[in-house]
Structure formats: structure tokens, C-alpha cells
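Asks: Provided below are the primary sequence and the corresponding predicted coordinates.
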Amino acid sequence: LARQMCDAIERAWQVPKKFERAIVPFESGNGDAAGASDLTGITSKNTLAKVLLSVDALQPAVIRCIIQKIPTFSSAPAPAASQRDLVRLSLAQISWNDYLVDGAAVAEQLMSVLSVLDSDRDSRALIAALPEILDDAGHAIACEGLVAKIA
């Protein structure tokens, strides 16, 4: 069941608008996006991606999907003031999680994405987010990747 759900999420997020809706905060039932909560306890600061990341069986696939989208958004022109910065929103989804199911794999995925980013702005954003994303298992991998980047 978890594998089928992961496959469905990956297929759905191939559509850019569906992915964008998954990484922007929920609105509460009254349309308030200021952090109100409803009877379920879900606040408007939550996103679908963050909720899915809290499920151990789904977390690796969800993180992989999010990380794979970053180069796509990086190659797009810099967002105007009225547009969402999808690279930073994507990084925010995988930042500050209580735990990572496979921290080493996340570090490897991030380092491979860092090596192909077109934008210095987005590379800096990813590097700045690393301490908020990685657990102890990913630190050595990230260090090796960053040393390779500057060498």
C-alpha cells in the first residue's frame, strides 16, 4: 500500500501546479492563512508535503520527489516579487523535520542536486539549508560534497 501511494504521489507531482499546491500552506476552513487551526488540529502552516513526511513509510519517496524538483525550478527565471520561490519552498519542506528515515541518502541526493544547479542564488539557498535538513548521518557526505564543489 505504501509503495502504491508513493507511486501515486510521484505521478501527481509531475504536474507542476499539483506539486506547488503540495508545498504551500493549507488554508483553514474559514480561508484564514494566518495559522488558525480547525477541529483536526491542522494549522494553516502545515503543507501536504510536511504531513506526508511525517509518515515513515512515505518519507524517503516524498523527499526524493521534492529534491528531484529543485533543479527544474532552479533553471526557471528568478521569481518576481508576486511569485513563489519554489526552490526555497521545496527546501523548507525538508527542513526542520523531527527525524530522517535515511539521512545519508538525503545527503547524497542533495549533493547530486547541488552539482547540477544552474543558479548561484539557488546553490547558496541549498547550502544554507543543509544544517536544517541533515541529521548526523549526512554531515560527512555533505562535507565531502561541499569540498568537491569548491575544489
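Replies: That came in fine, so what should we check first? Residues are numbered from 1 along each chain as shown.

Asks: in this structure, which ranges drop under the pLDDT threshold?
Replies: Along the chain, segments meeting pLDDT under 70 span 27-44, 76-83.

Asks: now do 80
Replies: 1-2, 26-45, 75-83, 151 (pLDDT under 80).

Asks: any chance you could map the helices in this structure?
Replies: In the chain, the helices defined using DSSP state H lie at 2-12, 16-23, 48-53, 59-74, 86-94, 103-114, 120-133, 136-150.

Asks: Now do the buried residues in the first one.
Replies: To tie it back to what came earlier, the one meant is helix 2-12. With burial defined by 16 or more other CB atoms under 10 Å, the residues of helix 2-12 counted as buried are 6, 9. Where C-beta positions appear, they are placed from N, C-alpha and C, glycine not excepted.

Asks: re earlier: tell me the most buried of the helices of the chain?
Replies: helix 86-94 (a mean of 22; mean count of other CB atoms under 10 Å).

Asks: which residue sits closest to Ala24 in space, ignoring its chain neighbours?
Replies: Just to correct that, residue 24 is Val rather than Ala. Take Val24 and drop its neighbours on the chain: the residue closest to it by CB to CB, 6 or more residues apart in numbering is Thr47, 6.3 Å away.

Asks: residues in contact with the one you found?
Replies: Shown in contact with Thr47 (CB atoms under 8 Å, 6 or more residues apart in numbering): 22-26, 93.

Asks: Alright, calling it a day.
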